[in-house]
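> A predicted structure for the sequence below; I have some questions about it.
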Amino acid sequence: MPVHRFSDMTWEEVRDAADGAVAILPIGAVEAHGPHLPLGTDVIIAEEMARACAARLDEAGVTAFVLPPIWYTAAPFAQGFPGTVSVERETVRDTVLQVAASLARHGIRALAVANAHLDPAHVQALRDAEQQSETGGAQILFLDLTRRRVAEQLTDEFRTGACHAGRFEGSMILAVAPHLVRVEIAAGLEPVPSSLSDAIQAGKTSFEEAGGERAYFGWPADASAKEGRETLDVLGVLLADRVLTELDVGAKPEEGAR
């Protein structure tokens, strides 16, 4: 079964392919990602994650639609930096729920969220949408990268919690949009090893409070396109395996992919 780019299809093509299909929704913030990565970093990553997920679902015989992304979401941690656009958490939750309800009317059974934005307010909005989708609409399936069992399957830098606009994200942008990386700037950036996850647990509410005065954390100078491609493939597989498990299609993934 082919992978479908939803916005390129006609309504009749959707009608003929929608019954039992899965839609994949890329979502990310327009926000500061250091002095070296574009504001659209999250969405670029989410779209590639969605495509990798769709390819995996196709291999399993599941029709997959890759939806146009949602660019605007809750991003209060970065809102002190020019270029960041933040909306309320409830707006994000309601938008995702309404997208799922609309798709369900046409026979699409699940909405998989390809998410690359880890602001606590945004993550909570997606958790809330997933929980509330159980009462109507297409089933929302959210792979929460902040859960330990998922994080353990990602890169060394990601597991430190110091992973905003560092090696983890920088590598993925180098893999898919290298022309958008300010390589000379990235090469000169000193590591910022402060853990965002620890800062959040300590009650910090902004990048500045967490120690990211230039809106980055981690080791940006160490990014590589090779690591980025490998990471995107892993993200796609993890999301697809979550879908296949929930829909009881094919082989089950290893424990922890949720």
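Nice, thanks for sending it over. Numbers count the residues shown, from 1 in each chain.
> how much space between the residue lying closest to Arg15 once chain neighbours are set aside and Glu208?
Taking C-beta to C-beta, 6 or more residues apart in numbering, and ignoring the residues beside it in sequence, Arg15 has His106 as its nearest neighbour in space, at 7.1 Å. Bear in mind the C-beta positions are built from the backbone N, C-alpha and C, glycine included. According to C-beta to C-beta, to the nearest Å, His106 and Glu208 sit 45 Å apart.
> swap in Ala100?
Distance of Ala100 to Glu208, computed by C-beta to C-beta: 35 Å.
> do Ser7 as well
Ser7 sits 37 Å away from Glu208, going by C-beta to C-beta.
> and those two? which has more neighbours close in?
Applying other C-beta atoms under 10 Å to Ser7 and Glu208 shows that Glu208 carries more neighbours, namely 15 against 9.
> The stretch 1-150 of the chain: helices as residue ranges?
Per DSSP state H, counting those that start in this stretch, the stretch 1-150 of the chain carries helices over the ranges 11-17, 41-59, 89-104, 120-132, 148-151.
> what's the angle between the fourth one and helix 89-104?
Counting by axes from the mean of the first three to the mean of the last three C-alpha atoms, to 10 degrees, helix 120-132 lies at 40 degrees to helix 89-104.
> Likewise for the longest one?
For helix 41-59 against helix 89-104, the angle between stretch directions is 30 degrees (the same axes, to 10 degrees).
> gap between helix 41-59 and the chain center?
Relative to the centre of its chain, helix 41-59 is centred 9 Å away, using C-alpha atoms, centre = their mean, to the nearest Å.
> what pLDDT, on average, does it get?
Averaged across helix 41-59, pLDDT comes to 97.
> got it, and the last one?
Per-region confidence: helix 148-151 scores 94 on mean pLDDT.
> What is the subsequent helix or strand relative to that helix?
Counting by DSSP states H and E, the next helix or strand C-terminal to helix 148-151 is helix 156-160.
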